[in-house]
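Student: Please find the sequence and the predicted model below.
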Amino acid sequence: MSDVKLTAYNVKTKEKGVPIQDPVVTKTAKGAYMVQGHDGKVNKLTTLCNEEKALAAIKAGVAKQGW
């Protein structure tokens, strides 16, 4: 699954499907997976994703593991 794409909604510019650059996958206190990064400008991006997508992104080398 090297075609894993992590995208998020940019609250500041109101754009959907913005690709996350330098993503880091972390776990929340309740066990959900959260992806954090930026859009290449100054805007931070955060989104939640399921376990399968998060682990596939880490395995493919798209994202870093943050726990």
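Tutor: The structure has been received and is ready for your questions.

Student: Let me see the contact set for residue 51.
Tutor: Contacts for residue 51 were tallied using Cβ atoms under 8 Å, 6 or more residues apart in numbering; they are residue 33. C-betas here are computed from N, CA, C, even on glycine.

Student: okay, it: pLDDT?
Tutor: pLDDT recorded at residue 51 is 96.

Student: Helix or strand: which one has the residue nearest to the spatial centre of the chain?
Tutor: By Cα atoms, centre = their mean, the mean C-alpha position of the chain lies nearest to residue 35, the distance being 3.1 Å. Taking DSSP states H and E as the definition, one finds residue 35 inside strand 33-38.

Student: Likewise for residue 57?
Tutor: helix 51-60.

Student: How far does that helix sit from its chain's centre?
Tutor: 10 Å (Cα atoms, centre = their mean, to the nearest Å).

Student: Pairing partners for the helix or strand just after that helix, with directions?
Tutor: The helix or strand immediately downstream of helix 51-60 is strand 64-65, counting by DSSP H and E. In the sheet, strand 64-65 lines up against strand 21-27 (parallel) (DSSP bridges).

Student: Now the partner strand: buried residues?
Tutor: Across strand 21-27, burial judged by 16 or more other Cβ atoms under 10 Å covers 23, 25.

Student: Could you do stretch 44-63 as well?
Tutor: Using 16+ other Cβ under 10 Å as the test for burial, stretch 44-63 gives 45, 47, 49, 53-58, 62-63.

Student: and the residues you listed, which two are the farthest apart?
Tutor: Across those, the longest distance by Cβ to Cβ is 19.7 Å; it joins 45 and 55.

Student: Could I get the contacting residues of the nearest residue to residue 12 once chain neighbours are set aside?
Tutor: For residue 12, ignoring the flanking residues on the chain, the nearest one in space by Cβ to Cβ, 6 or more residues apart in numbering is residue 43 at 5.2 Å. Contacts for residue 43 (Cβ under 8 Å, 6+ apart) come out as 10, 12-13.
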